[in-house]
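Peer 1: Following is a predicted model, sequence given first.
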Protein chains: 2
Amino acid sequence: MNSLNEENYLKALLNLSLADGEVNVKDLSKHLNIKMPSVTSMMKKMAEKGWVHYESYKPLRLTEQGKKEAALIIRKHRLTEMFLVEKMGFRWDEVHDIAEQIEHVKAPEFFAKMDELLEFPKFDPHGSPIPDKNGTLVWATWVKLSECEPGDEVKIVAVTKSSEEFLKFLNSREIALGLEMTIISIEPFDKSMVVRYKNHEAETLSATVCERLLVSK
Amino acid sequence: MNSLNEENYLKALLNLSLADGEVNVKDLSKHLNIKMPSVTSMMKKMAEKGWVHYESYKPLRLTEQGKKEAALIIRKHRLTEMFLVEKMGFRWDEVHDIAEQIEHVKAPEFFAKMDELLEFPKFDPHGSPIPDKNGTLVWATWVKLSECEPGDEVKIVAVTKSSEEFLKFLNSREIALGLEMTIISIEPFDKSMVVRYKNHEAETLSATVCERLLVSK
DNA sequence: GTAAATAGTTAGACTAGACTAACAATTATT
DNA sequence: AATAATTGTTAGTCTAGTCTAACTATTTAC
Ligand SMILES: [Mn+2]
Ligand SMILES: [Mn+2]
Ligand SMILES: [Mn+2]
Ligand SMILES: [Mn+2]
């Protein structure tokens, strides 16, 4: 049985390894708010368990087993977020911290029931994909808003690095999943975008914001 | 912030102290499946925190503070059980172990929302009272079925010591909360009861069972 | 290519919470 | 009252998981 701490390390490892599958001790340490020596010793333990490939001074990599374990926790997290929003009436900016705790509940029936009541959702309230029961996680091939061109008509499909403050900012601008917008112009010097949607004729979005919005064209 | 372990001790203390408010180290140890020396040392720690009165070789007693903390956890447990049954479609014999985990979630909004969606229930699916937000717990003045007489017409209002096996036994006999039954006779030598209800003309219930069913007349 | 900066590891200490073995107090039995 | 059984405590050990201080390897800068 995996401990709560091990589960948090697994999740962090998967979240940080989306690019090339490699994770630095430093980044993991920062992400978990745990000092580097503690991280090193946990990595040795998790290597014993067959969840990470660990070699001194080399970057960390999850094993296939480790990826699967991690994805199954993320599955519980995202199903919970979806349940909280769809069945309990929470807003998308309220659910992360609650799900952060409930994801550690050991009761397959509980998550199976959520899944069923939600009719087997594929995405969470922030547009992130929900891994399937086997721990298979497919990231859809969305593109960042920041990579689009003036004139493009796009639809918001997901939000990355969705902190509570960021989600509240989006709420305040009436930006939500499914929203369609047109890119009017891009400011060359700071890469901010001016966009049009609904009754917002010319809203300016900073590069930071555009980096975190995923869209389909 | 109270740790998960402390919370389990608190709950056990309250559950075991319903009679005179006193709890033995032995009983607590057995209930929690933790050896006596570990219990003693935790009691010293909890005495420091102001949750129990502890004196060497004397029975344990919760302080007012301790009772309140304990009741608030039991509140979360019972609200959760009710939510699982009423809003998620679990049976009453399936919910205890799940609630046992969710009761430790630190997110007042989450339990407040359950409470609201359930329209502020006063009892859990087993008929046990749900403590209020201030940690006040009132046990209704129900009477045990075992204390009733032949000829009495009673209604089942709660189930105590409701293990999964016991609840499944009740399911198999179609006994549920709200059921009305008439006591036909009591076998003098083993105190078993013969009762009539619904289409059950003469069902025999052992003394063990009758001890655990609470009724109103 | 050496020096400085950064990243990672080792060693050793600490806390929470468990355990066993040995001992002490209390309660029950004769 | 003396003895036996039961209950509770003390002392010391262990594991998981964290930390700081000191050291080492790797990377970056000149
Ligand atoms: Mn989340
Ligand atoms: Mn999410
Ligand atoms: Mn219960
Ligand atoms: Mn209950």
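Peer 2: Done, it's in. Ligands and ions are numbered 1, 2, ... in the order given.
Peer 1: Would you mind measuring from residue A:136 to DNA strand C?
Peer 2: 28 Å (C-beta to the nearest atom of the strand, to the nearest Å). Where you see a C-beta, it was placed from the backbone N, CA and C, and this is true even at glycine.
Peer 1: Spell out the secondary structure type for the spatially closest residue to that residue that is not a sequence neighbour.
Peer 2: Counting by C-beta to C-beta, 6 or more residues apart in numbering or on different chains, residue A:136 lies nearest to residue A:71, which is 7.0 Å off, once chain neighbours are set aside. Assigned state for residue A:71: helix (three-state reduction, DSSP: H, G, I helix; E, B strand; the rest coil).
Peer 1: what about residue A:71, how many neighbours?
Peer 2: By other C-beta atoms under 10 Å in any protein chain shown, the residues close to residue A:71 number 20.
Peer 1: Does it touch residue A:133 like I think?
Peer 2: No - under the criterion of C-beta atoms under 8 Å, residue A:71 makes no contact with residue A:133, lying 10.1 Å away.
Peer 1: Need the mean per-residue confidence for stretch A:115-127.
Peer 2: Average pLDDT, stretch A:115-127: 98.
Peer 1: before we move on, what about stretch A:189-201?
Peer 2: Rounded mean pLDDT across stretch A:189-201 is 94.
Peer 1: what about the residue nearest to residue A:136, distance to residue A:103?
Peer 2: 12 Å (C-beta to C-beta, to the nearest Å).
Peer 1: same check, this time on residue A:4
Peer 2: The gap separating residue A:4 from residue A:103 is 10 Å, by C-beta to C-beta.
Peer 1: Of those two, which one has the most company?
Peer 2: residue A:103 (22 against 10).
Peer 1: Contact partners for that one?
Peer 2: A:7, A:11, A:73-74, A:76-77, A:80 (C-beta atoms under 8 Å, 6 or more residues apart in numbering or on different chains).
Peer 1: same deal with residue A:43?
Peer 2: Residue A:43 neighbours (C-beta under 8 Å, 6+ apart): A:25, A:52, A:54, A:60.
Peer 1: can you rerun that using 7 Å?
Peer 2: Counting by C-beta atoms under 7 Å, 6 or more residues apart in numbering or on different chains, residue A:43 touches A:52, A:54, A:60.
Peer 1: Strictly from the record, what residue spans define the domains of chain A?
Peer 2: When chain A is parsed with automatic domain parsing, its domains come out as A:4-62, A:143-216.
Peer 1: what about those domains, which gets the closest to DNA strand D?
Peer 2: In terms of C-beta to the nearest atom of the strand, the element of the domains of chain A nearest to DNA strand D is domain A:4-62, at 3.4 Å.
Peer 1: The closest one: end-to-end distance?
Peer 2: Terminal residues of domain A:4-62 are spaced 18 Å apart (C-alpha to C-alpha, to the nearest Å).
Peer 1: Is that domain positioned near DNA strand D?
Peer 2: Yes - judged by C-beta under 7 Å from any atom of the strand, domain A:4-62 comes into contact with DNA strand D at A:4-6, A:33-35, A:37-38, A:41-42, A:45, A:57.
Peer 1: Next, format the residues you listed as JSON lines and append pLDDT and distance to ligand 2.
Peer 2: Supplementary listing: the residues of domain A:4-62 next to DNA strand D in JSON lines, determined by pLDDT from 0 to 100; distance: C-beta to the ion, whole Å:
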{"residue": "A:4", "pLDDT": "97", "distance to ligand 2": "19"}
{"residue": "A:5", "pLDDT": "98", "distance to ligand 2": "21"}
{"residue": "A:6", "pLDDT": "98", "distance to ligand 2": "21"}
{"residue": "A:33", "pLDDT": "98", "distance to ligand 2": "20"}
{"residue": "A:34", "pLDDT": "98", "distance to ligand 2": "22"}
{"residue": "A:35", "pLDDT": "98", "distance to ligand 2": "27"}
{"residue": "A:37", "pLDDT": "98", "distance to ligand 2": "31"}
{"residue": "A:38", "pLDDT": "98", "distance to ligand 2": "27"}
{"residue": "A:41", "pLDDT": "98", "distance to ligand 2": "30"}
{"residue": "A:42", "pLDDT": "98", "distance to ligand 2": "25"}
{"residue": "A:45", "pLDDT": "98", "distance to ligand 2": "28"}
{"residue": "A:57", "pLDDT": "97", "distance to ligand 2": "34"}
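Peer 1: Show me these that map onto helices.
Peer 2: Those of the residues of domain A:4-62 next to DNA strand D mapping onto helices are A:4-6, A:37-38, A:41-42, A:45, per DSSP state H.
Peer 1: Show me which of those are buried.
Peer 2: With burial judged by 16 or more other C-beta atoms under 10 Å in any protein chain shown, the buried subset of these is A:6, A:42.
Peer 1: Which pair of the ones in helices among the residues of domain A:4-62 next to DNA strand D spans the longest distance?
Peer 2: Within these, A:4 and A:37 form the most distant pair, 20.4 Å apart (C-beta to C-beta).
Peer 1: before we move on, the earlier item: please identify which of the ones in helices among the residues of domain A:4-62 next to DNA strand D is nearest to chain B.
Peer 2: residue A:4 (8.9 Å; C-beta to the nearest C-beta).
Peer 1: Now do the same for the residue nearest to residue A:134 when sequence neighbours are not counted: helix, strand or coil?
Peer 2: Nearest residue to residue A:134, sequence neighbours excluded (C-beta to C-beta, 6+ apart): residue A:68, at 7.4 Å. Classification of residue A:68 using three-state DSSP returns helix.
Peer 1: count of residues packed around residue A:68?
Peer 2: If you count neighbours by other C-beta under 10 Å, residue A:68 ends up with 18.
Peer 1: From DNA strand C, how far out is it?
Peer 2: Taken as C-beta to the nearest atom of the strand, the span from residue A:68 to DNA strand C is 24 Å.
Peer 1: partner residues bridging residue A:182?
Peer 2: Per DSSP bridges, the residues bridged to residue A:182 are residue A:153, residue A:196.
Peer 1: Quick check: residue A:205 touching residue A:192?
Peer 2: Yes - contact status for residue A:205 versus residue A:192: in contact at 6.4 Å, counting by C-beta atoms under 7 Å.
Peer 1: Which one of the two is surrounded by more residues?
Peer 2: Taking neighbours as other C-beta under 10 Å, residue A:205 and residue A:192 compare with residue A:205 leading, 22 against 17.
Peer 1: what residues does chain A put near DNA strand D?
Peer 2: A:3-6, A:33-35, A:37-38, A:41-42, A:45, A:57.
Peer 1: Including distance to residue B:99, could those go into TSV?
Peer 2: Formatted as TSV, the residues of chain A next to DNA strand D follow (distance: C-beta to C-beta, whole Å):
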residue	distance to residue B:99
A:3	21
A:4	18
A:5	23
A:6	24
A:33	30
A:34	30
A:35	36
A:37	38
A:38	33
A:41	35
A:42	30
A:45	31
A:57	46
